[in-house]
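*Asks:* Quick one, fold the following:
(one chain, ligands or ions: 1)
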Amino acid sequence: MDIQLPNPKLKGIKSLEECIYERESVRKFKDQSIELEKLSQLMWAAQGLKGRKRTVPSAGATYPLEIYLIMDRKKLYHYLPKTHVLKFIKEEENLCKNLASYSWNQDFMCQAPLIIVICAQYSRTCHRYGDRGIRYVHMEIGHCAQNIHLQAVSLGLDSVPIGAFDDEKLKNDLADIAFSGIYSSNSFAKKAPVLVVVVNEKSNYVARVGGFLRGTQYSLIDIGIAVEHFVLQAQELGIGTCWLGWFNEKGVKRYLGIPKSKKVEAIVSMGYPPEGVVPGEKKRKNLDEIRKYFTGER
Ligand SMILES: Cc1cc2nc3c(=O)[nH]c(=O)nc-3n(C[C@H](O)[C@H](O)[C@H](O)COP(=O)(O)O)c2cc1C
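*Replies:* Numbering: from 1, shown residues only. This is a model prediction of the structure:
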């Protein structure tokens with residue numbers, strides 16, 4: 001169930017100077033849930049609204065950060081700054097254990113009653129600043145994390161930043177799920193350094209009605225165009241791609257926490273081809289055969 005957080009307070013017991021002085025990384029925690037008032041305060045410090053702006057500075061006010069929480073080791077929530085609500089995503093017995101395994105097995109994480117996961121949608125900032133936006137996002141994560149640590153001290157809580165994260169293990173585990181068993185004809189994709197998962201969001205009302213009347217699913221046409229642009233751009237950059245339509249969709253959705261209402265239409269594996277590998281010659285119809293196919297000419 002979603003949680004409406006109480007309004008945050010603008011006055012605490014400790015001075016800012018005391019909070020800065022007392023903050024230190026702590027890796028041992030009591031098994032005691034954190035009160036709603038304190039969660040509210042922590043979320044507000046991380047990304048809370050102050051009028052149209054937030055408690056943390058952001059390059060061009062593009063606000064790329066999204067905050068997730070793992071509570072009591074198994075419940076995942078997403079913080080929504082506009083409504084100051086924790087939106088329930090899922091409950092999974094091994095949630096914290098799995099996260100710790102991606103953080104180089106720092107199992108002490110699972111003692112903590114609260115884990116705050118700072119994610120970023122880089123495109124929001126890079127759309128305006130190009131590649132420099134990547135630096136800005138990293139700086140913003142620092143601003144956000146420090147606000148959380150200092151707010152924690154002021155509430156009598158301890159914390160530690162965790163930067164260790166094994167992206168490759170995450171990708172490899174996803175590949176194992178997507179391309180095993182009856183899907184193993186595509187198991188070559190497990191070796192690709194990058195897998196892009198293409199998700200079909202629910203279309204807007206007009207597109208759905210129009211598509212229904214026409215008997216066409218427009219979103220699939222859109223995905224075809226977008227992914228083709230994507231693979232052509234990759235080609236221009238010297239990166240090889242393979243569009244994969246045969247994979248364990250249920251497993252991929254469960255693993256990535258993609259809601260049931262959305263559909264994973266394709267996975268694109270990508271990476272640099274080994275030196276000296278040239279694509280095999282394709283058997284294509286020549287133009288004359290294509291013309292005859294369409295005109296019905298013999
Ligand atoms: C970006 C970043 C990543 C960190 N990653 C980890 C981590 O993965 N595990 C951990 O135990 N501590 C981690 N730390 C905490 C540092 O070890 C800690 O801040 C440092 O030892 C200084 O101690 P203090 O925080 O008590 O002042 C990280 C700190 C930062 C700033």
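
*Asks:* CA atoms for contacts and neighbours, from now on please.
*Replies:* Fine.

*Asks:* Am I right that Ser269 falls within a strand?
*Replies:* Yes. Under DSSP: H, G, I helix; E, B strand; the rest coil, Ser269 sits within a strand.

*Asks:* quick one: contacts for it?
*Replies:* 189, 192-196, 241-244 (Cα atoms under 8 Å, 6 or more residues apart in numbering).

*Asks:* List buried members of these by neighbour count.
*Replies:* 189, 192, 194-195, 241, 244 (16 or more other Cα atoms under 10 Å).

*Asks:* how long is stretch 161-175 end to end?
*Replies:* 29 Å (Cα to Cα, to the nearest Å).

*Asks:* Count residues in the vicinity of Gly251, would you?
*Replies:* Counted with other Cα atoms under 10 Å, residues neighbouring Gly251 total 15.

*Asks:* circling back: nearest to Gly142, of the contacts of Ser269?
*Replies:* Of all those, Gly142 sits closest to Val194, with 26.4 Å by Cα to Cα.

*Asks:* Next, the residue most central in space within the chain: secondary structure please.
*Replies:* What sits nearest the mean C-alpha location of the chain, by Cα atoms, centre = their mean, is Cys119, with 6.8 Å. Three-state call for Cys119 (three-state DSSP): strand.

*Asks:* which residues touch it?
*Replies:* 65-68.

*Asks:* Now tabulate those residues in JSON lines and tack on pLDDT and neighbour count.
*Replies:* Below are these laid out as JSON lines (pLDDT from 0 to 100; neighbours: other Cα atoms under 10 Å):
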{"residue": "Leu65", "pLDDT": "98", "neighbour count": "21"}
{"residue": "Glu66", "pLDDT": "98", "neighbour count": "16"}
{"residue": "Ile67", "pLDDT": "98", "neighbour count": "19"}
{"residue": "Tyr68", "pLDDT": "97", "neighbour count": "21"}
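
*Asks:* how about the strands in the stretch 151-298 of the chain?
*Replies:* 194-200, 240-244, 263-271 (DSSP state E, counting those that start in this stretch).

*Asks:* would you turn those into TSV with distance to the ligand and mean pLDDT?
*Replies:* Output for the strands of the stretch 151-298 of the chain, formatted as TSV (distance: least, Cα to the nearest ligand atom, whole Å; pLDDT from 0 to 100):
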stretch	distance to the ligand	mean pLDDT
strand 194-200	23	96
strand 240-244	33	96
strand 263-271	28	97
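
*Asks:* So what does Lys53 look like in phi/psi?
*Replies:* phi -100, psi -180 (degrees, to the nearest 10).

*Asks:* In the chain, what helix or strand scores lowest on average pLDDT?
*Replies:* helix 205-214 (a mean of 89; mean pLDDT, DSSP states H and E).

*Asks:* Quick check: buried residues in that helix?
*Replies:* Arg208.

*Asks:* List the contacts of it.
*Replies:* Under Cα under 8 Å, 6+ apart, the answer for helix 205-214 is 217-218.

*Asks:* Residues in a beta bridge with the residue nearest to the centre of the chain, which ones?
*Replies:* Glu66 (DSSP bridges).

*Asks:* any idea how far it is from the ligand?
*Replies:* 14 Å (Cα to the nearest ligand atom, to the nearest Å).

*Asks:* how close does that residue get to Leu155?
*Replies:* For Cys119, the distance to Leu155 - Cα to Cα - is 24 Å.

*Asks:* ok, now Gly224?
*Replies:* Applying Cα to Cα to Gly224 and Leu155 gives a distance of 51 Å.

*Asks:* Just want to know which of those two has more residues nearby.
*Replies:* Leu155 (18 against 14).

*Asks:* The more buried one and Glu37 touch, don't they?
*Replies:* No. Counting by Cα atoms under 8 Å, Leu155 does not reach Glu37; the two are 9.8 Å apart.

*Asks:* Ramachandran angles for Lys30?
*Replies:* Dihedral angles (degrees, to the nearest 10) for Lys30: phi -80, psi 150.

*Asks:* same question, Glu281
*Replies:* phi -70, psi 140.

*Asks:* if I look at Glu168, how far off is the ligand?
*Replies:* Taking Cα to the nearest ligand atom, one finds Glu168 at 16 Å from the ligand.

*Asks:* near the ligand, which residues of this protein?
*Replies:* 24-25, 160-164 (Cα under 6 Å from any ligand atom).

*Asks:* now the residues you listed: which count as buried?
*Replies:* Pro161.

*Asks:* mind listing the helices for the stretch 51-200 of the chain?
*Replies:* 95-102, 122-129, 132-154, 167-178 (DSSP state H, counting those that start in this stretch).
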